[in-house]
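> Need the 3D shape of this:
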Amino acid sequence: MTRSRVTSTVILIVGLASLFFYLRGRPTDNASPRPQATGPQELVATVRSEPRSFNRLVARDRTSNLVSLLLHGKLVRINLETQEVEPALAERWSSSADGRIWTLALRRGVAFSDGQPFTSADVLFSLEAAYDPKVASPLADSLMIDGQPLEVAAPDDHSVVITFPAPFGPGVRLLDNLVVLPRHKLRQALTAGTLREAWGLAANPADMAGLGPFVLREYRPGDRLVFARNPHYWRKDDTGRQLPYLDRLVLEIVPDQNAEMLRLEGGQADLTTGEVRPDDLAAIRKAAADGRLALHDLGVGLDPDFLWFNLTDAFGRSHPQKSWMQQREFRSAVSLAVDREAFANTVYLGGGIPVSGPVTTGNRAWHDPSIPLVPYDPARARALLAEVGLRDRDGNGVLDTPGGAPAGFALLTQKGNTLRERSAAFIQEDLRKVGLVVDVVTLEQPAVIERLTKGDYEAIYFGTQASDTDPAMNLDFWRSSGAFHAWNPGQSVPATPWERRIDELMQAQVRSQDPSERVRLFGDVQRLFAQEQPAIYFVAPRIAIATSRRVVGARPALIHPMVLWSADTLSVAPVPSP
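Alright, predicted model coming up:
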């Protein structure tokens, strides 16, 4: 979910009106050649949930995002390993002196998976679709600056001119959020106002087309998604061989993490789209030592799970007896009542570090080390709970509300995700010690997201997927109007003075062309967030990724989908000669 979570990678364009930037990463246009196994190239990966839709304009869950990466292309992409911006469908670009007008040269000879040519008209259509109010796309917010859409024009079939409504520090990095869709397939649906319903899970894969490395061949709900190589994909490796290397990629849907690890260890799966759980690390290390798996240690993760309460006006109006739940003192008390060190050692088996906010030390360019860690202080927690009227009036160890009811809340979390389930149980136990009654409710991931979307919850323990390490690329989390401003999303006007101040700071941070000033401003945002604690963070995991020895070319990253973000350059190890 976003936040969407590096100064060296910020694109600064000042006073260079016509200079073209060929941003080189690993890889850009071409990739290094890989040794190939004989026969069809196929890898099997596991995902933990169904996609919500094949339409990236309406779905933002991890599996839908992964499907989009496999099926579709972008003008530019962020290399998740290096965090640098790379050319993609746009092979080069230039900017005006003030950094507001960008001219992009599109690749020639590129075609969609159905053979139809890709032109600038598809770029214009994709932005129009993302902004259409009838589509109500969650991508729209990530493609706006100061709440205003980008202006786009196409001088010819192979160039696009994009005008930003205001200066934007990250420059064309913003365009990594834009999925380029086929105008010839979806124009009619957009005109009819039915694009939001297009390409749902019941869609015929043969009716879809994209610019990504794969095409969808089969979808079996609850079982698997099968992808085949896109014969029209534009990228080639350094020898001129067309990518992707794989002929087939299978995503098996395995909600249970125990079953997922068993498949990986048993050779039934080649990789997972998530990290190795602390519980499984010892067994995975042994398998790696035995030569059965490859283990990649990536350091501290960018996306710690967190707890938040429903701070919407609608909840406050419908639950006036729980007004204390929406007060800062209550959130601070909950934060103080949980022992983060014990959390890291018990739930993460030592494979995590205590944290107090959403920006971890894994995000080296943007983490502010001056923000202190919230201490474990149950006595202070009880005092704050008393301030909001929660006291143990009958001496039974349970706090009572001013109305005399037991004080507590229902905490939703994801069923089948053992770390989240154990985390919720740990929070439940620590809060019991200060007199709060927590009812943990586990639901399948789609059900959690649905309850969140409808505002039908008291508290949730869940996580978001950072789309980038640059905070300007995760405005849907930080801004009060953002679609994943989890505790109170989509505000037309900031509900609180502190949210208004964060909006102001983020606006200044986004507009600044000075990297050091951007870092300073975001430090102020982090400090204000730490004071208000609208979302409470406890532990950031250390991330390890495992793959089978068959996988060649894996370049794991801290941001999901970790390995499959570069699926077009993965291949299968050749069989050793006898």
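
> now the helices for the stretch 151-300 of the chain?
Taking DSSP state H, counting those that start in this stretch, the helices of the stretch 151-300 of the chain run over residues 183-192, 257-265, 281-289.

> contacts for the top helix by length along the chain?
Determined from DSSP state H, the single longest helix within the chain is helix 515-532. Helix 515-532 has contacts (Cβ atoms under 8 Å, 6 or more residues apart in numbering) with 7, 10, 12, 169, 328, 331, 356-359, 365-366, 368, 370-372, 471-472, 478, 496, 498, 501-502, 505-506, 508-509, 512. C-beta here means a position set from N, CA and C on the backbone, and glycine is covered the same way.

> please redo it, this time with the cut-off set to 6 Å
Counting by Cβ atoms under 6 Å, 6 or more residues apart in numbering, helix 515-532 makes contact with 7, 10, 169, 328, 357, 359, 366, 368, 371, 471, 498, 502, 505, 508-509, 512, all of which sit outside it.

> Check stretch 368-375 too.
By Cβ under 6 Å, 6+ apart, stretch 368-375 touches S335, P354, S356, G523, Q526, A530.

> One more pass at 8 Å, please.
By Cβ under 8 Å, 6+ apart, stretch 368-375 touches 335-336, 340, 354-357, 359, 361, 522-523, 526-527, 530.

> okay, the residues you listed in CSV with neighbour count and distance to F426 next?
Output for the contacts of stretch 368-375, formatted as CSV (neighbours: other Cβ atoms under 10 Å; distance: Cβ to Cβ, whole Å):
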residue, neighbour count, distance to F426
S335, 22, 14
L336, 23, 15
R340, 21, 10
P354, 20, 13
V355, 25, 15
S356, 18, 16
G357, 22, 19
V359, 27, 23
T361, 14, 22
F522, 25, 30
G523, 19, 30
Q526, 21, 25
R527, 14, 27
A530, 18, 22
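
> quick one: which of these is nearest to S49?
Of all these, S49 sits closest to V355, with 25.0 Å by Cβ to Cβ.

> where does the closest one land on pLDDT?
At V355, the model reports a pLDDT of 97.

> what sits against the residue nearest to it when sequence neighbours are not counted?
Distance criterion Cβ to Cβ, 6 or more residues apart in numbering; nearest residue to V355, sequence neighbours excluded, is A540 at 4.6 Å. In this structure, A540 makes contact with V300, G301, P304, G352, I353, V355, T360, T361, G362, judged by Cβ under 8 Å, 6+ apart.

> tell me, what residue is most central in the protein?
Nearest to the geometric centre of the chain sits Q465, at 2.2 Å (Cα atoms, centre = their mean).

> Contact partners for the closest residue to S142 other than its chain neighbours?
Ranked by Cβ to Cβ, 6+ apart and with sequence neighbours excluded, the top spatial neighbour of S142 is N177, at 4.2 Å. With contacts defined as Cβ under 8 Å, 6+ apart, N177 is in contact with L139, S142, L143, S467, M473.

> and the last one, how far is that from S467?
To tie it back to what came earlier, the one meant is M473. Using Cβ to Cβ, to the nearest Å, M473 is found at 6 Å from S467.
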